[in-house]
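Chemist: sequence first, predicted coordinates after that:
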Amino acid sequence: MSFTFVDIEQRKKRVIIFLFLFLSGFYFLGAWLIYMTVRGFFMLKMTYGKISFLSVPASHLWSIFAVSVIAGGLQWYDSAIHGTRKILRRFKADAPDPDDVYHRRLDNIVQEVRVATGGKSIGCVVLPDYAMNAFSLMDFRSQPVIGITEGLLSRLSRPQLEAVIAHEAAHIVSQDTLIKTITFSLFGVYGIALNGLCGSLKGSSRRYSSRGSGGTAVLVLLLITVIWTIHTFSKLLSMFISRQCEYRADATAVRLCRDPLSLAQALHKISRTWRGGGLGYENLAGLFIINPVHSDLDEKESLFSDMFSTHPPVKKRIRTLLDMAHTDYATMKQKADGIKKVRYKEVHVVDVKEPRWYLAEHGDEWAGPFSALEIAGMKEVRHDMFVRKQGTADVNFLYMDPLLVKTVKSCQENPQSTHCCPRCGGVLNTVLYEGAPVERCSLCKGILLEENKVARILTREEQGFSDALIRQAKLISGQKKTADYSRTGLHSEFKCPQCGQIMVRCFYSPAYLIEVDRCYRCGLIWFDTDELEIIQYLVENSRT
């Protein structure tokens with residue numbers, strides 16, 4: 001049965017109108033305080049303190065009011081129309097990759113939620129972060145979207161992920177997301193102004209310290225104090241708006257997914273891990289399912305915490321959900337920690353109808369089967385080799401097979417084909433590596449992939465590690481102090497398989513001293529055999 005929210009949406013229209021009127025008044029108050037600060041400063045200098053700061057001409061008040069209404073209206077329009085796009089650009093979020101197993105699962109769940117909400121148009125995006133968190137965005141023009149971090153996507157089971165998406169969908173259909181998106185976009189102007197003034201004061205400290213410039217520094221400090229006060233008050237209002245929505249969204253999510261236990265397990269897992277603190281999400285904390293920054297204040301139940309916390313206590317939310325599921329915290333925790341994550345085996349993404357051949361030298365055993373591109377990419381391939389097509393018993397020379405001859409000739413004429421390995425010339429086959437599509441050489445087993453896919457793979461923990469690889473990784477991790485940085489940043493011996501430009505040899509990062517080959521034009525990275533696996537081990541070992 002579909003789930004509709006017609007009554008709630010009608011009530012929210014009145015709330016949105018009230019919010020606009022309130023923000024216009026808030027803009028007027030802020031503009032009036034800034035005006036009084038500047039006016040009082042200059043009048044005080046001229047009259048040596050003999051002035052009444054509250055005596056403001058009526059014409060000035062009307063001017064402040066007009067400026068406030070115009071500025072508030074313009075920013076309201078910008079936030080209401082472009083709020084979603086601006087925040088997504090700040091988060092560096094991307095649409096799901098249809099070839100990625102994890103992303104396809106996310107897209108399927110969002111489609112199911114669309115049906116459960118009565119066919120409401122809802123999109124989804126993925127944040128390339130190891131943190132575990134989720135959010136939703138909505139304005140008057142763009143499609144509402146649900147954002148999921150790579151960390152949450154890779155470490156929650158499907159029922160838990162369904163519950164989280166249902167929670168964010170509940171915010172969207174009740175239009176809580178619309179109010180929060182616009183509010184955070186509007187109040188962001190004070191944070192920008194505060195950062196600009198602080199930067200101006202810091203960058204011009206020498207100039208302010210010169211003779212005759214002390215008054216300017218005092219004025220800037222006064223403005224910083226006023227704007228900081230307004231910014232703090234706006235954050236308190238944002239916290240209040242966000243806090244009042246979470247309980248209702250949890251309850252609505254249970255009505256959508258019929259699974260309070262999975263939502264409780266998801267909140268339990270997210271609360272115990274890194275949620276995104278330090279990534280710049282702090283000023284937009286109210287958009288997320290759990291505050292990105294861990295704070296003891298969030299877990300307290302008092303008037304003070306109600307005023308200064310963006311979210312209600314996680315444990316209280318979990319207890320409410322467990323009451324709906326008729327279970328206790330200990331049982332939920334045991335089940336949540338005992339859920340085994342699905343592991344996706346590495347598979348080749350090939351057309352099952354693609355013909356393949358076996359190869360053999362004179363008197364040697366048959367090797368294969370290989371595709372035509374794999375055979376064309378082999379350096380040792382010769383036209384007088386024996387070939388046998390898969391599924392047949394006929395044996396011929398390679399030069400007698402028209403398709404193989406055509407493919408080999410094409411690769412020889414275009415050695416920088418996108419199918420050729422930059423190291424050995426072997427064929428690059430598309431494979432699913434920890435659910436992400438990458439290009440792996442069929443001969444040397446090197447891997448070519450984009451930077452954003454590296455972030456996905458390092459977030460997921462499916463790959464096993466041999467004892468030899470672990471020893472090699474530990475040896476490399478101990479070489480940080482003796483690393484030869486002069487060898488990096490030089491031209492590589494490889495050409496990019498995609499654009500043909502010479503790649504650059506460099507360390508993957510200062511923290512992980514594995515030399516890789518990068519193409520800065522295409523954004524591709526080439527990992528030799530075991531290099532990506534070593535980085536995976538080092539990253540996963542640092543998280544334990």
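Modeler: Arrived safely, thanks for sending. Numbering: from 1, shown residues only.

Chemist: which residues are in contact with Tyr399?
Modeler: For Tyr399, the contact set (CB atoms under 8 Å, 6 or more residues apart in numbering) comprises 383-384, 405. For the C-beta atoms, the positions are set from N, CA and C on the backbone; glycine is no exception.

Chemist: quick check, nearest of those to His294?
Modeler: Nearest to His294 among the contacts of Tyr399 is Val405, at 64.0 Å by CB to CB.

Chemist: surely that closest one and Val387 touch.
Modeler: No - Val405 is beyond contact range of Val387, at 10.6 Å (criterion: CB atoms under 8 Å).

Chemist: between those two, what contacts are shared?
Modeler: Counting by CB under 8 Å, 6+ apart, the residues touching both Val405 and Val387 are Leu398.

Chemist: so for these two, which residue has more residues nearby?
Modeler: Set Val405 next to Val387 and count neighbours by other CB atoms under 10 Å: Val387 wins out with 22 against 15.

Chemist: quick one on the thing from earlier: got the contacts of Tyr399 as a markdown table, with secondary structure and pLDDT columns?
Modeler: Below are the contacts of Tyr399 laid out as a markdown table (DSSP: H, G, I helix; E, B strand; the rest coil; pLDDT from 0 to 100):
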| residue | secondary structure | pLDDT |
| --- | --- | --- |
| His383 | coil | 77 |
| Asp384 | coil | 76 |
| Val405 | helix | 77 |
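
Chemist: what is the rounded mean pLDDT of the helix or strand containing Thr252?
Modeler: In this structure, Thr252 sits in helix 214-257 according to DSSP states H and E. Average pLDDT, helix 214-257: 72.

Chemist: low-confidence regions, the stretch 1-150 of the chain specifically.
Modeler: Along the stretch 1-150 of the chain, segments meeting pLDDT under 70 span 1-33, 35, 37-58, 60-61, 64, 68-69, 71-72, 75-76, 79-80.

Chemist: so how far is Glu450 from the nearest residue to His103 once chain neighbours are set aside?
Modeler: Spatial nearest neighbour of His103, chain neighbours left out: Pro96 (3.6 Å); criterion: CB to CB, 6 or more residues apart in numbering. Distance from Pro96 to Glu450, counting by CB to CB, to the nearest Å: 15 Å.

Chemist: again, but for Phe91
Modeler: Phe91 is 19 Å from Glu450, where distance means CB to CB.

Chemist: rewinding a little: right, and the helix or strand after the helix holding Thr252?
Modeler: Downstream of helix 214-257, the next assigned helix or strand under DSSP H and E is helix 260-271.

Chemist: what pLDDT, on average, does that next one get?
Modeler: Per-residue scores along helix 260-271 average to 92.

Chemist: dump it to CSV, restricted to CA.
Modeler: Extracted in CSV, the C-alpha atoms of helix 260-271 (Å, rounded to 0.1, in the frame of the first residue of the first chain):
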residue,chain,number,x,y,z
PRO,A,260,12.2,-0.7,13.5
LEU,A,261,14.9,-3.2,14.5
SER,A,262,17.0,-2.5,11.3
LEU,A,263,16.7,1.3,11.8
ALA,A,264,17.8,0.8,15.5
GLN,A,265,20.8,-1.3,14.3
ALA,A,266,21.8,1.2,11.7
LEU,A,267,21.7,4.1,14.2
HIS,A,268,23.8,1.9,16.6
LYS,A,269,26.4,1.3,13.9
ILE,A,270,26.6,4.9,12.8
SER,A,271,26.9,6.2,16.3
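
Chemist: and the contacts of that helix?
Modeler: Identification of contacts with helix 260-271 by CB under 8 Å, 6+ apart yields 132-133, 152, 155-157, 159-164, 166-167, 250, 253-254, 257, 289-290, 314, 317-318, 321-322, 324-325, 327, 332-333, 335-336, 339.

Chemist: give me the number of residues near Tyr520?
Modeler: With other CB under 10 Å as criterion, Tyr520 counts 11.

Chemist: model confidence score at it, please.
Modeler: 87.

Chemist: quick check, it in contact with Val504.
Modeler: Yes - counting by CB under 8 Å, Val504 is a contact partner of Tyr520 at 6.4 Å.

Chemist: for His294, which non-adjacent residue is closest in space?
Modeler: Gly277 (6.4 Å).

Chemist: ok, the one you found - contacts?
Modeler: Residues in contact with Gly277 (CB under 8 Å, 6+ apart) are 131, 292-294.

Chemist: also Asp129?
Modeler: By CB under 8 Å, 6+ apart, the neighbours of Asp129 are 149-151, 276, 279, 455.

Chemist: same check on Ala134?
Modeler: By CB under 8 Å, 6+ apart, the contact list for Ala134 reads 146-149, 152, 164-165, 167-168, 288-289.

Chemist: between those, which sits nearest Val395?
Modeler: Comparing the contacts of Ala134 against Val395 with CB to CB places Ile148 closest, at 53.3 Å.

Chemist: Ser542: how many residues sit nearby?
Modeler: Counted with other CB under 10 Å, the neighbours of Ser542 add up to 10.

Chemist: what about it, distance to Asp384?
Modeler: 53 Å.

Chemist: and the protein, what are its domains?
Modeler: Listed domain ranges for the chain are 6-22+83-338, 344-414, 434-544 (source: automatic domain parsing).

Chemist: now do the helices in the stretch 301-450 of the chain.
Modeler: Counting by DSSP state H, counting those that start in this stretch, one finds helices in the stretch 301-450 of the chain at the ranges 303-308, 314-325, 329-338, 372-376, 402-413.

Chemist: got those helices as a markdown table, with distance to Arg471 columns?
Modeler: A markdown table is the format used below for those (distance: least, CB to CB, whole Å):
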| stretch | distance to Arg471 |
| --- | --- |
| helix 303-308 | 49 |
| helix 314-325 | 41 |
| helix 329-338 | 30 |
| helix 372-376 | 32 |
| helix 402-413 | 38 |
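
Chemist: need the winner for burial among the ones you listed.
Modeler: helix 372-376 (a mean of 22; mean count of other CB atoms under 10 Å).

Chemist: so what secondary structure elements neighbour it?
Modeler: The helices and strands touching helix 372-376, judged by 3 or more CB pairs under 8 Å, 6 or more residues apart in numbering; DSSP states H and E, are strand 357-360, helix 402-413.

Chemist: which one among the contacts of Tyr399 gets closest to His103?
Modeler: Nearest to His103 among the contacts of Tyr399, counting by CB to CB, is Val405 at 39.6 Å.

Chemist: any idea how far the closest one is from Ala360?
Modeler: Counting by CB to CB - Val405 and Ala360 are separated by 18 Å.

Chemist: can you check Pro497 too?
Modeler: 29 Å.

Chemist: quick one, which of these two is more surrounded?
Modeler: It is Pro497, of Pro497 and Ala360, that has more neighbours when counted by other CB under 10 Å, with 23 against 15.

Chemist: what's the helix or strand for the more buried one?
Modeler: Assigned by DSSP H and E, Pro497 falls outside every helix and strand.

Chemist: doesn't Arg423 make contact with it?
Modeler: No - contact between Pro497 and Arg423 fails when scored by CB under 8 Å: they sit 10.1 Å apart.
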